[in-house]
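Asks: need a structure here:
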Amino acid sequence: MPPLQRAATTKDDARASEAVAAGWIAGAVGQLIGYPLDTLKVRQQLLKSGPATSLMAGWSGPVLTAGLINSLNFGTYDAVWRRIGDAETDLECDSRVVFAAGAAGGVAVSPLTCVVGRVKVLQQSCAFPGRTAY
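Replies: Down below sits the predicted model:
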């Protein structure tokens, strides 16, 4: 089986909106898969148990916010490598350009991820106002 290789994307071929959409989809799918597992982990740490159906309770907020966070990250990365990189494709970019674009994406999403992470932990542990124990 030949090794998997990603196709090069030229600056003219791809749009920033494609990176934003890809980020949104990646974040949402990641949360749909990881949310129940993360809830189990938090409950186990807190020594609480509940019905299996409650593992997906409250999933919509994290799915939407993960989509937003990833789309902002992907969009920022894409915009920065296009602006400061002189290569024709993203595969030919200098590693310093990739680092700068990744760092810019991280800086852009870090204020949002801190707040979302705090709210998620509070919701999963039922310490959030308005939530009740299972």
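Asks: give the other helices and strands that the helix or strand harbouring residue 30 contacts.
Replies: Using DSSP states H and E, residue 30 sits in helix 16-45. Counting contacts by 3 or more CB pairs under 8 Å, 6 or more residues apart in numbering; DSSP states H and E, helix 16-45 packs against helix 60-84, helix 95-124. C-beta here means a position set from N, CA and C on the backbone, and glycine is covered the same way.
Asks: what residues of the last one count as buried?
Replies: Counting neighbours by 16 or more other CB atoms under 10 Å, one finds that the buried residues in helix 95-124 are 97, 100, 101, 104, 105, 108, 109, 116, 120, 123, 124.
Asks: now swap in stretch 78-97 and tell me
Replies: Those buried within stretch 78-97 under the rule 16+ other CB under 10 Å are 78, 79, 80, 81, 82, 85, 90, 93, 97.
Asks: just confirm the first one contacts residue 17, I think it does.
Replies: Pointing back at residue 78 there. No - contact criterion CB atoms under 8 Å: residue 78 and residue 17 do not qualify, at 9.4 Å.
Asks: now do the contacts for the residue nearest to residue 112 when sequence neighbours are not counted.
Replies: Excluding the flanking residues, the one nearest residue 112 by CB to CB, 6 or more residues apart in numbering is residue 69, at 5.8 Å. Contact analysis of residue 69 by CB atoms under 8 Å, 6 or more residues apart in numbering lists 27, 109, 112, 113, 116.
Asks: now those residues as TSV including pLDDT?
Replies: Converted to TSV, those look like this (pLDDT from 0 to 100):
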residue	pLDDT
27	82
109	92
112	89
113	89
116	82
